[in-house]
Structures are given as structure tokens and as C-alpha cells.
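J.: only the shape, not the letters, is given here:
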């Protein structure tokens, strides 16, 4: 192959990253589950023969950033590359190898060209049911579903019927899960065909020099961004509501030259409730914050994350040991970007956002419709976004995850409840030079006759989203049945005629409120954003 | 003479085309757009066109009009002061939007501000349930209070969007009555009339957009009609809708939001007509202009439709960064940069093209108006694909030195020559467009390489062959007059109207009587609009379809309604399989959105190329980049206007016309067909 000039490299890179969007598109189109289709709760990645991530589908949610190569490395310990054959596909949903809970299933396929292993293509997607009985009081991961250890679900192009039978026997909706698994098989075939075609057209036998160059350039980009800001050490410590007692998330950031190290020593030990975030998940949300703050436009690959070192003591909330329950891992993991930015606020105050009304709020409803059909429905409702240095936090915005709300008209057709109101909560945004975004008040009314069960696991009820740099805190969240407060983490029954109301937390403000501009204050009054 | 006239108001120019139905001869005029009152430019243009053709106002039998007025009013926030009325509990519908972020890495992300601020949003006590039954009756007192509040705001327009109004519009209609009483003179848009589909946020946005532009549009149409009548043109206006059908001004005045995409719709219709004339059933419109390149698939000669699109995006290529409009539109997607898009070296030390664009002023460096950044047009000039002295038919001189300087400056830190960078920019742009077009086709269950490319827009013919090769397409068609394609396309469009409403029904609960009950009002509405345009109902084609899904899914697949439930199920499964490669036998299927499209006859277009042209088109040679020789080579230059029907040219070569230049690479053979189109056949690259 000729020397890699910037034009050739740019074109190749574009073809390779575009390829992964095509692969993800092929998967989404053939996937059956709404989570995959609507929320893009998935990622497709391309690693080289050494397992280095160099291209990832562009539309995704943050929990998949950079996890695939970590999963691949673990898988290769079980099935070494030397033992792989063309057409093999590895599978696992082990939370400690993948993205932190059993619901994310990862598949990996080696790509051979002329008998030589040239790359790996991987895919991860969210599977709504993986068996078990996940609930807020699960004590260990065994209650949360079936764990598929690393194994070859396809051997040399032939599905292993015994592994398929295990899955089919243990999942509540096996047709859907296996449908999505097979959709990934088809997407992998697209990846193999297209990658080999690109290598043929470009006359490349070994993609390694291309990957080296891509990663080196991504790394230089991140290093330049890091080097451009002052060195320093900063810490942050925040309190999560937890269960019986508050949980601590402690974070120390050390920025030296073009490197940044983040450590979570001082964070609470893991607990016997399903809020523990396995390290891969914690790693992703930490790396996500660093990328957002320093190099948001750069492509998502291993190179850009080389200057970033992330550590957490074993056995803590954000690096728990087996068999900790992990189903609601976001209830601690979603705090990490705020802890990182809380610390970075002392080093790069102009680049961070104040706390948002997150970890994500949602509610599961389950019951039976009048026509006898059973339903299980998850509904997401965002809090306010944190204030930024230059602008107010947007109202009700999904962060750090990224999930759209379900239209009331859609929801009411699926679930026998009425969404009686969905309003902004005036005054819920933390005040400041820039204001936090407003949370929302949303009420679900049960017109009867049947009861409807619901499960909630909400944070920021006792410890509201914090303001930054002198900004005020956002309003804490509230959960109410018929206007009477209920616990934030509970499973209850909503009887006919009753209404459950959720008030999501508002975003934190930034800077002293005394510095807020008169125009902004007048606009807040005119629009009724303040109480 | 019997003139049919197409008028397209663009950002800079207003294009007019006239087709003499008797002779098949086409004439064109271009005047500057008059942004303060666009009707003035149109009337000037009509004058100019009539003078050029030697016709009188009495010869005009039809004027079909497309305009960016509606889109610009929304994008530039120049609509009227508008209020919004929602169901109790839903005042904040517009402000709360859908809660997701269109860019996950941008901490400073902003969403487009609603067209109606929160302080002009009010609630009315009423509630319809998901089955259409009344949960809370329409509370007249609260409705009157809301109407009074609206009246007190001094608004010109109001949008009403009640929950589940697409299922039962009764309460919205009562609200309209109250408004007529309490706030007379305020223009009312009801969601159940503007866009009766499921999904309250999208429906509200669409209704608000309609209300917001309605008075502006009404005033404009009035001025234009008055002006035309003063000139002696007595015909009513037909307006180009976003979905490629035309509608009478009476229809358009009810639903101006349906005109948002009228220019691109004209481009798609022009490409469809070109394909028809050139004998290609399946074509893809490839429209590359100054700021973007767009593509629209036209299988079987019909532009692909989409039930929605976004307007006023904050980031051009980012889905979710604009306001959603649930109205039918040609499915024309943005696939890449335009001629004015700026090339830069990004943080990774690689060349990146767009999304920033040098606007018309100062424009690309080679325009010599002070633009210093390298653009796609500068690269094309360096590669010899454009001629410095013949741009826009020689009306504008390009400055090759300025292009060389700008592109060279980009290459210096990379150790690359201006030529190397120019080639890189050209190829990167082409690769982006080819990839995006291929993925778009795949998303529709089609293969891009099965289509012939119809190149329109100023930069379309420059890049079309290279893009075609990257996709694997074998034919590129450059229609005559690519630069005024939209105005021309208006003439090829049938009168048509779409009516749709959402009605969630399990397929198992449907029978033919039920289907008929759902479709009858839709059919009546479409035929009413066609009647307004004077189309004989007997000459109408009425097609019904329905969007279906497996129960529990969130995305629908459209299937034609040609028979009973079993035929429908089979059509759904066939379409589902074509899209997704499988079907879920035995799973419950439900119908969501029902749609009827009524169309008048497609206008007969007799086009005749000028047969008197002498075949002396070779006007010289110039150096241009040849990808095969990997060097600049002397290539022949042809004058498009002097190529006779049947004449042939071989690449590497360029064919120049006033608004564009077709670049034929090595292995390309161009031939002028009977309709005057340049049809280029590409040999696969070795």
C-alpha cells in the first residue's frame, strides 16, 4: 500500500466509519425490539486483529462508548484468536465483561480475508427480558436473569442448537431475543463483505498501518485539547440517595500535560441492591464526560481515550465484584459525569455543565388490559438539564443517557392509564447566572377497573442536582400517589381512580444568581419559568 | 399559443419556465428574487417571459407556483404572532418537545425554540381518550376564557391541538366555534384538519407552523393574484406542495404548511420527467447546489414520499435538530456538501468538507469577492472541471489564482500540493454523497445501483459521474436546463392531494365495511381539493394505503389497500420482507395511519429539442484531471447548446451549459437523446 497521505487516509476512514453506520442500519432494520429500533440502544464496532477499536456506528448512547474492545479482550481470554474459524460468532451478556447488566447482549465475529484474521466486528444491544426477576430489592445478580458465559453461538457458520436452546428456555420472549441475535448475524455478514470489498479496492492486505494512523491522530487530537488547559488536581464528592443510607461518589481528577487520570477512591462500597455499576459501565460514562468536555468532535475510538486513565477501587459502587446486583446500574453510573465535571469545574469552569435531573427517571407499569392482553411498559421522563457557562440548561432533557419520551397518545393506546398532565415545573431549575433547566410534573391516572402495578427507582429526591460555581441547586424530585408522597424506590399497585405523579428534578444553576442579566430575569418572569 | 408557466422563487433567483403546449418548445427566464415582496419579482419575471416568447397574457393557460416563502417564514421566524391552545395539562407540549438530544457530545446543545413562546400557550378543560370517547366533556367556560386570553394577546393566528383529536375532532371543532365568537379575525388552525396523525408533539408542531405562516401566505397570494389579474392573466394559481403534487390556491390557503418543501418537490418532479423522457423507469434525483446535495429516489417514475420531515434544523445534517412537520413530502434527503461548502483541516490533521458553507457572499475563494477559504467549487476549478471564463455562461469570471491560494494554503501544513488537496476534496465529497445515497436506498429496501442518476443543480453534473461510479450506477442523465429544474418540474406535476388520519385498529378487527368507513371521509376530502383545482373526478386516480406494524412495534410499514384484509396482510408482509428480510408469521398486526392520495392526470409533456442545431459543439480543449491517467490531461470541451440530437462525446471531456458543466470521466460516453437530455453511460472502472 502506498504511503498514507492525509487524503487517502481521510477517504479510507470515511469509508470505514460509514461502513459501521451501514452495519448498524442493517441491524436496526431487521431488529424486532422497540428498544433497539426507537432508542438506538445498540452499538456496532470494528476492531482490528489486535482488538483495537477503530470505527463505531455514529448513532448510539454513551454507555457503549469504548466498551466493545474491553469486552473483546475478555472474550479472547476464553476463546483465543488462534482457535477462531471463519464464520464463528461469540456471545455473552456477562455484566462484568459487557456493559454492566444482563440485558445488554454482546456478539463478536472475527473477519477473515484469504484465511487471515484481519478484524473483529462486534455488536451490543439491549434485550428487554433476559429471564430472572429483576426488582428493586434483588440481592444478587442471579436474581436478575440468565448469564450467558462467553461461548460460540455460531461455529464456522453453523448455529449451535444447544446454546440457542438454553436461551430459548430461559428468556420470557425468546423469539424477540433470538430474532435480534440473528439480526446481528446478518449485520455481521454485511460488515465482513463490505470490509473485505474496501480492502480489495484500496489494495490493502493488512489494515494495521491504517488503524495505527487513525488511532495516533485521534490520540494527538485529545492530547492537544488536554495540553491546552492548565494542569491541576481537583476533587468532587456527591451524595446519592441510595436505599437505607446515602451513597458517596467520590472523584479525583488529575490533569498533567496531555494526560488525565480519574480515580473514584472514596466511593461507597458496593451494596446488596441493584444499583452497582460494573467497571465497564463506569468507565464509559467517565470517558464520555472527558470526551464531551475536551474533544467532543473527535471520532469515537481507542486512540482518543489513550490519554485517559480511569480507576476505581475493587468492591466499590462503581467497580463492584460478583455477584453484586447490577440491573439498575445507571442509578450510580449516571452520577459519574457529574462527579467528573464537578471536579473539572475547578480546572476548566467554562466547559462543564451543572448537575442535571439524572440518573434517568423511569417507571415500569404492568398489568392486564380489558381485552386480557398483559402489558409491561417502561416510560422515561427526563429532568431539567444543568446550566452551562454560556446558556441556561434546556428544560426536560435526557442526560447523560439519551432516550426520547413516549407520546401520550402512543402510551395511552398501549397501557390502560391516562397521562393526565405533563407540565414543566416552574421554579425547579436552580438559579444562577445561567439557570438550570426545568423538571416536569407528569401524572398517570388509572380510570379502572383493573389495578396497575408500577415499579420506580428514583434518585435526586433527597439530594437534588447541585448548582456549580455559586449556582443554586435544582429542585429535588418527588413521587406522589393522589398527592401523598411515596418512597422513591418502590413497587406498588395503583388502584382504580388513583393517580401517581412524578416530579422530576430540575437542573442545577451555574454562577451567582446576582449576576443574572436583567433580560434573562425578565424572560423567566414572562414565560413563567420561575415560581 | 398556449402557455403553461412554472415559477420557482428561490433564495437568490426566481426561475420561470414556459412550455408551449402546442409546439413543445420550452423558454426560460431568471430574475432576482425580491425578498421584501416576492410577488413583485414573480410579476417582473412573468413580464420578461411573455416578452421573450412573444406571447400575451391571454396565451397563459396555467401558472404553477412553488415558493420558499413558507419555509423561510419558519426558518427566519417571520411568521405572525401566534397562540397555542392545548388540552388541560398539556400547555407545555411545545416547550417540552421529545426530551432527547440530537448530539450526545455537545454539552452546549440547543433545540429549536418553539414558534409560540410559553406565555402564549393556554389550556382548555376537555379530554378525549385513546378510543375517541369523551373522558372529560368540552368545558365551555374554560374554552371561552382561553379564547379571551388569546384575543387579549393580540395574535393574528392560533393553533389548537387537543389530545387524541385525530381520533375524535369534536372538541377541536367546538373550540373553533368559540374562537370565531370570542376572537373573530384570528386565523384558526386545528390539528385534526392540518395533520390528524398520532403523536401529540409532532402534530402540535405542524399545526402551529401552519397557523404561524397562514396570514403571511394569504397576503402574499392575494398580492400575486391581484398583480396577475392586473396583467391580464386570468387563470387561478396552482401551488406546488411538498409531496410533488399541485393544489389550487384555495386548498393551499387552508394548508400552507404543505408547501414548505415545494422547491425540492419540483426538482424531484423534473428528475422524474427526465427519466420518463429518457426511457429510464427508476431514477434518482441528485441535486447538488451551493450549500447542500440532496437525493430522492424515484422508483417507477414516482418520487418516493415521506410522511414527515424537519424544518429549521440547527445542524443541517442532524436528524432531530429541527422542528418536525407531519405533512407529506417528497423523500428528498440531504446527502452531503454543496459547491460552496468549505474544506478545512480538522483536529485530526485530515481534510474535512462542510458542514460550514460560504454563503453566496463572499462565496468560494474563486468568486474573487474576498472569500479566503477553500470550497468544493475551488477544488473543481483547479481540477479543470469548471472553466474560469465560462462560469454561469460567462456572466461571472472565476479567479483560478485565488482558488489555488486558498486550496494551496490548506495543503501546505499537510505537505500536499493544491492539486492533491483539490483532488482530495473532490473525492471526499463524492464518497460522502455516494455512501449517504446508498444507505438511504438500503433503508427503503432498495439498491442505489439499480437507479440511473439524474443530475440537477449547479454542481450536480460536475460530480454526478464520479458519485455514480462510487455507488455502482451505470447511467447519468443531465437534463437540459438543470439550473431551473424545479420550475420545469412544476409543469410535470399532476394536481394531487393527500389526506391521512390515524386510527389504531388491530387487523383482526377489520372488515371491508370498516375499512370503507375509515376511507370514505379521506376520499371525500381529497376529491374536494381536486375539484377546487377544476379536475374532473372521472379523471382522478385514487390510491389508498395504510401504515401497519406488528403490535408493540414503534415503526410502521406502508402497504397499498387494494382489496380486503387478507390482501392487505399479504401486501404488508411482502413489504416488510423487502425492507427487513423477514416476516413474523402469526404475530398480531395493527393498522395505524390511513392515507388516500387522489391525483389528476399527469400533464402530457411534448418536449422537442431544437432540431436546427448544427453539430459543431467542440469548442476547444483544456487541462482537466483524469482519474485513469492520474494526471491533468488535455480534454475536449463541448458546448451543450450546440450538440445536436444523437451527437456523442467520450470522456475525459466536459460539456458546458449556462448554469452547469457535465464532467465525463474516462470510460464515459455521452449521447444527446431526442428530448435534449445528455445521457452518459459509464463503463465500470477497471
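T.: Good, I have the coordinates. Here the structure is a predicted model, which is why all the values come from computation and not from measurement. Residues are numbered from 1 along each chain as shown, chains lettered A, B, ... in the order given.

J.: separation between residue B:379 and chain A?
T.: 11 Å (Cβ to the nearest Cβ, to the nearest Å). C-beta coordinates here come from the backbone N, C-alpha and C atoms, glycine included.

J.: and for residue B:408?
T.: 14 Å.

J.: which regions of chain A sit below the pLDDT cut-off?
T.: A:1-3, A:32, A:34-35, A:37-39 (pLDDT under 70).

J.: same thing but at 50, please
T.: Low-confidence segments of chain A (pLDDT under 50): A:1-2.

J.: how many residues are close by residue B:58?
T.: Other residues near residue B:58 come to 11 when the count uses other Cβ atoms under 10 Å in any protein chain shown.

J.: do you know the pLDDT at it?
T.: Residue-level confidence at residue B:58 comes out at 92, pLDDT.

J.: let me know the secondary structure of it.
T.: Classification of residue B:58 by DSSP: H, G, I helix; E, B strand; the rest coil places it in helix.

J.: close to chain B: what parts of the stretch 51-200 of chain A are there?
T.: Contact residues, the stretch 51-200 of chain A versus chain B (Cβ under 8 Å from any Cβ of the partner chain): A:60-62, A:175, A:179, A:186.

J.: just checking, which of those belong to helices?
T.: A:175, A:179, A:186 (DSSP state H).

J.: just the buried ones out of these, please.
T.: A:179, A:186 (16 or more other Cβ atoms under 10 Å in any protein chain shown).

J.: helix/strand/coil for the spatially closest residue to residue A:403 that is not a sequence neighbour?
T.: Distances taken as Cβ to Cβ, 6 or more residues apart in numbering or on different chains place residue A:380 nearest to residue A:403, at 4.6 Å, with adjacent residues excluded. With three-state DSSP as the basis, residue A:380 sits in strand.

J.: who's in contact with residue A:380?
T.: A:360-362, A:398, A:403-406, B:99 (Cβ atoms under 8 Å, 6 or more residues apart in numbering or on different chains).

J.: list the beta-bridge partners for it.
T.: residue A:362 (DSSP bridges).

J.: wait, which of the contacts of residue A:380 is closest to residue A:90?
T.: residue A:403 (28.4 Å; Cβ to Cβ).

J.: give me the neighbour count for that closest one.
T.: Number of residues near residue A:403 (other Cβ under 10 Å) recorded here: 23.

J.: where's it relative to residue A:393, distance?
T.: Residue A:403 sits 17 Å away from residue A:393, going by Cβ to Cβ, to the nearest Å.

J.: for the ones in helices among the residues of the stretch 51-200 of chain A next to chain B, which one is nearest chain B?
T.: The closest of these to chain B turns out to be residue A:186 (Cβ to the nearest Cβ; 6.8 Å).

J.: you'd agree the closest one is up against residue A:28?
T.: No: in this structure, residue A:186 is not within contact of residue A:28 by Cβ atoms under 8 Å, at 11.5 Å.

J.: element containing whatever residue of the stretch 301-450 of chain B ends up closest to chain A?
T.: Closest residue of the stretch 301-450 of chain B to chain A, Cβ to the nearest Cβ: residue B:424 (3.2 Å). In the assignment (DSSP states H and E), residue B:424 maps to helix B:418-443.

J.: and the pLDDT at residue B:232?
T.: Looking at residue B:232, the pLDDT reads 93.

J.: need the contact list for it.
T.: Residue B:232 neighbours (Cβ under 8 Å, 6+ apart): B:56-58.

J.: ok, back up a step: for the closest residue to the residue of the stretch 301-450 of chain B closest to chain A other than its chain neighbours, pull up the helix or strand it's in.
T.: Computed as Cβ to Cβ, 6+ apart, the closest residue to residue B:424 that is not its neighbour in sequence is residue A:7, at 3.2 Å. Element membership for residue A:7 (DSSP H and E) is helix A:6-30.

J.: list the contacts of residue A:73.
T.: So residue A:73 contacts residue A:51 (Cβ under 8 Å, 6+ apart).

J.: now what about stretch B:650-658, what contacts it?
T.: Taking Cβ under 8 Å, 6+ apart as the rule, stretch B:650-658 contacts B:384-385, B:387, B:390, B:392-393, B:461, B:465, B:478, B:480-483, B:617, B:619, B:622, B:624, B:626, B:628, B:633, B:635-641, B:643, B:649, B:661-670, B:678.

J.: one more pass at 6 Å, please.
T.: Residues from elsewhere that reach stretch B:650-658 (Cβ atoms under 6 Å, 6 or more residues apart in numbering or on different chains): B:390, B:393, B:626, B:635-638, B:640, B:661-666, B:668-669.

J.: off-centre distance for that stretch?
T.: Centre-to-centre, stretch B:650-658 and its host chain are 28 Å apart (Cα atoms, centre = their mean, to the nearest Å).

J.: with stretch B:515-533 instead?
T.: Using Cα atoms, centre = their mean, the offset of stretch B:515-533 from its chain centre is 25 Å.

J.: now it: buried residues?
T.: B:515, B:518-519, B:522-523, B:525-527, B:529-533.

J.: outline the domain layout of chain A.
T.: A:6-206, A:229-351, A:353-531 (automatic domain parsing).

J.: do the same with chain B
T.: B:3-74+B:231-260, B:79-217, B:263-337+B:432-492, B:341-426, B:496-599, B:618-670.

J.: look at the fourth one and report the distance between its end residues.
T.: End-to-end distance of domain B:341-426: 11 Å, with Cα to Cα, to the nearest Å as the criterion.

J.: what sits closest to residue A:400 if chain neighbours are left out?
T.: In this structure, residue A:400 finds its nearest non-sequential neighbour in residue A:337, 4.6 Å apart by Cβ to Cβ, 6+ apart.
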